[in-house]
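A.B. asks: Quick one, fold the following:
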Amino acid sequence: MAKRKFIRKKFTSPIGKAIWPKLNEADYHYKKQGQYQITLRIPDAEAEPFIASMEEFMAKHRETVLDEADLYEGDEVKDASTPWKPAVDKVKDEETGKKRKVPVPGFTDITFKCNASYQKEDPATHEKSTVHVRPALIDLYGKNIDPAKTFIRGGSVCVVGGQASPFYTAMAGFGVSLRMEAVQVRELSSGVNATDFFQVEEDPDAVTEAAVAAHGSDEDEDDFS
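C.D. replies: So this is what the prediction gives:
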């Protein structure tokens, strides 16, 4: 079999809100080499041009990838699931207590991943060593984000840069992977808003800015006279 051609396409994603990002630490639950991952929730109007460019890229290189797969004549080639899907939220059903998927109209969820490590072989000794990698993290101003000090939560506004690569496996089929190499956090989510969970009443002792402006204060006049 001929040496495999590595086909890549650089991309910069549209701006979206992070859904369950795993950027501070790699997730080793499903892959022994670990994996960083982020899903961006993007308005359909902004997601559609990005998806169209990926589909064009896949169509352009489909024949090349399948030729390298050494398929037998007559083999059926299925399509792998795509990294983009109509946005859904998982909501707990009050009657059954189980979670169900609820569509979020007008939005698309796009998932980006990268492995946290790989095996590198020394050409002289043929010994293998583990190389650890992680996506670069920067803020709106291009400054590096230290993942040990800044936790990137769901709801943060982000942009992902990386490379798309078409692939084929007998189990998954033909598809494209979106490998992230860098993430720009344009707006960092501050986390949970406690008032989303509880009924909050107006504080009778609170002094509003409007009240201060309307009535003034003798003490203020003394301070600034």
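
A.B. asks: going forward, measure contacts and count neighbours with C-alpha atoms only.
C.D. replies: OK.

A.B. asks: ok, Phe115 - how many residues close by?
C.D. replies: Not quite, residue 115 is Asn, not Phe. 21 (other CA atoms under 10 Å).

A.B. asks: Where does pLDDT dip in the protein?
C.D. replies: Where the chain drops to pLDDT under 70, the residues are 1-6, 72-74, 191-225.

A.B. asks: Met180 and Thr111 touch, don't they?
C.D. replies: No - here Met180 does not reach Thr111: they are 9.4 Å apart, not a contact under CA atoms under 8 Å.

A.B. asks: mind listing the strands in the protein by residue range?
C.D. replies: Remark: strands assigned in the chain by DSSP state E are 9-12, 16-27, 35-43, 84-92, 99-115, 117-121, 128-132, 136-139, 157-169, 173-187.

A.B. asks: hey, which of those strands is tucked in deepest?
C.D. replies: Most buried of the strands of the chain by mean neighbour count (mean count of other CA atoms under 10 Å) is strand 35-43; its value is a mean of 23.

A.B. asks: Each with direction, which strands does that strand pair with?
C.D. replies: strand 16-27 (antiparallel), strand 99-115 (antiparallel) (DSSP bridges).

A.B. asks: Contacts for it, please.
C.D. replies: 14-23, 25-28, 87, 106-116, 134-135, 158 (CA atoms under 8 Å, 6 or more residues apart in numbering).

A.B. asks: okay, the strands of the chain in TSV with distance to Lys149 next?
C.D. replies: Shown next, in TSV, are those (distance: least, CA to CA, whole Å):
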stretch	distance to Lys149
strand 9-12	26
strand 16-27	9
strand 35-43	17
strand 84-92	29
strand 99-115	21
strand 117-121	22
strand 128-132	20
strand 136-139	12
strand 157-169	18
strand 173-187	14
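
A.B. asks: still on that earlier bit, dump the strands paired with strand 35-43 into a markdown table; add distance to Arg153 as well.
C.D. replies: Shown next, in a markdown table, are the strands paired with strand 35-43 (distance: least, CA to CA, whole Å):
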| stretch | distance to Arg153 |
| --- | --- |
| strand 16-27 | 7 |
| strand 99-115 | 16 |
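
A.B. asks: between these, which gets nearest to Ser53?
C.D. replies: Smallest distance to Ser53 across the strands paired with strand 35-43 (CA to CA): 13.7 Å, for strand 99-115.

A.B. asks: And the contacts of the closest one?
C.D. replies: 33-44, 47, 83-93, 133-135, 160, 177-181.

A.B. asks: angle of it against strand 157-169?
C.D. replies: Angle, strand 99-115 to strand 157-169, by axes from the mean of the first three to the mean of the last three CA atoms, to 10 degrees: 80 degrees.

A.B. asks: From the chain's centre, how far out is strand 99-115? Work that out for me.
C.D. replies: 10 Å (CA atoms, centre = their mean, to the nearest Å).

A.B. asks: biggest helix in this structure, by residue count?
C.D. replies: helix 44-68 (DSSP state H).

A.B. asks: buried set for it?
C.D. replies: 44, 47, 51, 54, 57-58, 62, 65-66 (16 or more other CA atoms under 10 Å).

A.B. asks: Next, the angle strand 84-92 makes with that helix.
C.D. replies: 120 degrees.
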